[in-house]
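# Just the structure for this:
(one chain, ligands or ions: 2)
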Amino acid sequence: MVRFAVLASGSKGNSTVVSGGRTRILVDAGLSCRELFRRMKLAGEDPATLDAIVITHEHQDHVNGLAVTARKLGVPVYFTQATHRAWMRWLTPRRQMTYAQWLERCRKQAAEREAEPLNAAAGCDADETDIDEVEAEIQPQEVEAAAPAEPESEATSVSPPSIKEDPTWLPSIEYFQAGQSFSIGDIGIDPFTTPHDAADPVGFVFRSEGIRLGFATDLGYVTPNVKAQLRALDLLLIESNHDLEMLRDGPYPWSVKQRVLSRVGHLSNDATAEFLSTGYDGQAAYVILAHLSENNNLPELARVAAERALNGRASLLANRLLLAEQHEPLAPIDF
Ligand SMILES: [Zn+2]
Ligand SMILES: [Zn+2]
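Ligands and ions are numbered 1, 2, ... in the order given. You can find the predicted model right below:
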């Protein structure tokens, strides 16, 4: 069976479970581990059965619970290399310090090395007892700049570093590239580049048991390549982020408005409608509008724009229109 379960969608967190055959993957981990697990249970999914996490891009609303969730489940994380690097940078910003502070730190570290030269791994077990408890402490600005862990060097029997010692440590890392298909168990994945202000953002088409699921959020406009990818689908999840007038008249500062409206920002209801009426082949059984802004959109505005664009093509058999929500999971869709 192929199943598609949106757990959350919007600027406060994004996450979806895609299942096909015996494989289950989490697409983005934008909620805390605890909230992800809670929503998975609400959607009838068992977190322990997840095989992997796949990341679209490094923005916080897509990776907030990533490290804790991957550690807890012991599953591999699939990124592009640039997204992985950007994620690590986000977790380990260089701390500004004065020369006096730097000298003091060097002295302290030298003293510590002398005091306990062989004790580097002490405390890992204790730190790992309940990873959720320390989750609240992962504040990027509190984290020391740390040497990034090499993915290849991780298959050792030594205990992993605690999340405080190295917030970027993951059980296993796999790289993929936009434009190059790969698979995880029974699910084939076609990643494609999206225009968005992140290091190397992607959308996906997931394939399993002859079913094709398209996934495209966080894109400033629908490029010809995105259009070409989102064809012959059984399900299309596409962003319908903001209403243009609400955004223009809304509370965001001008610079943020410009960012959202730009070619590397987010799709407006009008842009999504334009794609649905002229760029989309109308074949999907389900069309899910996603990543709706809570400040600059209303579900009814997004729905009406999409319905108009689908121009009577929506029916019980084709183009059933659903809206993904921020605060609760969408009822899972089975094929
Ligand atoms: Zn986002
Ligand atoms: Zn984004």
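
# CA only for contacts and neighbour counts going forward, please
Will do.

# my read: residue 235 touches residue 287, true?
Yes. Between residue 235 and residue 287 a contact is recorded at 6.0 Å, counting by Cα atoms under 8 Å.

# Can you give me the neighbour number for residue 103?
12 (other Cα atoms under 10 Å).

# List the residues that contact it.
Residues counted as contacts of residue 103 (Cα atoms under 8 Å, 6 or more residues apart in numbering): none.

# Contact residues of the stretch 151-300 of the chain facing ligand 2?
Residues of the stretch 151-300 of the chain found near ligand 2, taking Cα under 5 Å from the ion as the criterion, are residue 218.

# Might you name the residue of the stretch 151-300 of the chain sitting closest to ligand 2?
Nearest residue of the stretch 151-300 of the chain to ligand 2 (Cα to the ion) works out as residue 218 at 5.0 Å.

# Find the helix or strand that that residue is a member of.
According to DSSP states H and E, residue 218 maps onto no helix or strand at all.

# give me phi/psi at the nearest residue to residue 248 once chain neighbours are set aside?
Computed as Cα to Cα, 6 or more residues apart in numbering, the closest residue to residue 248 that is not its neighbour in sequence is residue 257, at 7.0 Å. The phi and psi values for residue 257, taken as degrees, to the nearest 10, are phi -60, psi -40.

# Residue 257 is in contact with residue 247, isn't it?
Yes. Between residue 257 and residue 247 there is a contact under Cα under 8 Å: 6.8 Å.

# What is the neighbour count of residue 196?
22.

# can you check residue 164 too?
18.

# How about the secondary structure of it?
Put simply, residue 164 is coil when judged by DSSP: H, G, I helix; E, B strand; the rest coil.

# Can you pull the phi/psi pair for it?
Dihedral angles (degrees, to the nearest 10) for residue 164: phi -80, psi -40.

# got a pLDDT number for it?
Note for residue 164: predicted pLDDT of 87.

# how close does it sit to residue 48?
For residue 164, the distance to residue 48 (Cα to Cα, to the nearest Å) stands at 24 Å.

# ditto for residue 9
22 Å.

# neighbour-wise, which of those two wins?
residue 9 (29 against 11).

# pLDDT at the more buried one, what is it?
So residue 9 comes in at 98 (pLDDT).

# try residue 111
pLDDT at residue 111 comes out at 66.

# again with residue 93
So residue 93 comes in at 71 (pLDDT).

# Ok, residue 308 next?
pLDDT, residue 308: 95.

# which residue sits closest to it in space, ignoring its chain neighbours?
residue 273 is the one closest to residue 308 (Cα to Cα, 6+ apart), at 7.7 Å.

# Pretty sure the one you found sits against residue 304.
No. With contacts counted by Cα under 8 Å, residue 273 stays clear of residue 304, the gap being 9.4 Å.

# how far away is residue 59 from residue 287?
24 Å.

# Please identify which of these two sits among more neighbours.
residue 287 (25 against 21).

# Can you find the helix or strand in the chain with the smallest mean pLDDT?
helix 124-127 (a mean of 30; mean pLDDT, DSSP states H and E).

# Spell out which residues of the stretch 1-150 of the chain are next to ligand 2.
Near ligand 2, when you scan the stretch 1-150 of the chain using Cα under 5 Å from the ion, you find residue 59.

# what about residue 259, neighbour count?
Residue 259, neighbours per other Cα under 10 Å, totals 15.

# Show me where the stretch 51-200 of the chain has its helices.
Assigned by DSSP state H, counting those that start in this stretch, the stretch 51-200 of the chain shows helices spanning 60-63, 66-73, 81-91, 99-115, 124-127, 131-135.

# again, but for the stretch 201-335 of the chain
Using DSSP H, counting those that start in this stretch, helices in the stretch 201-335 of the chain cover 224-229, 244-249, 254-261, 269-274, 299-310.

# and the residue of the stretch 1-150 of the chain nearest ligand 2?
For the stretch 1-150 of the chain, Cα to the ion, closest residue to ligand 2: residue 59, 5.0 Å.

# Against residue 289, how distant is the residue nearest to that residue when sequence neighbours are not counted?
Closest residue in space to residue 59, ignoring its immediate chain neighbours: residue 198 at 7.1 Å, by Cα to Cα, 6+ apart. As for residue 198, its distance to residue 289 is 21 Å (criterion: Cα to Cα).

# More neighbours: which of the two?
Between residue 198 and residue 289, residue 289 has the larger neighbour count (other Cα under 10 Å), namely 26 against 18.

# That one and residue 242 touch, don't they?
No. Residue 289 lies out of contact with residue 242 (Cα under 8 Å); the separation is 11.2 Å.

# hey, what's in contact with both of these two?
residue 302.

# where does this structure have low pLDDT?
Applying pLDDT under 70 to the chain flags the ranges 94-98, 102, 109-157, 314, 316.

# switch the cut-off to 90
Along the chain, segments meeting pLDDT under 90 span 92-160, 163-165, 311-317.
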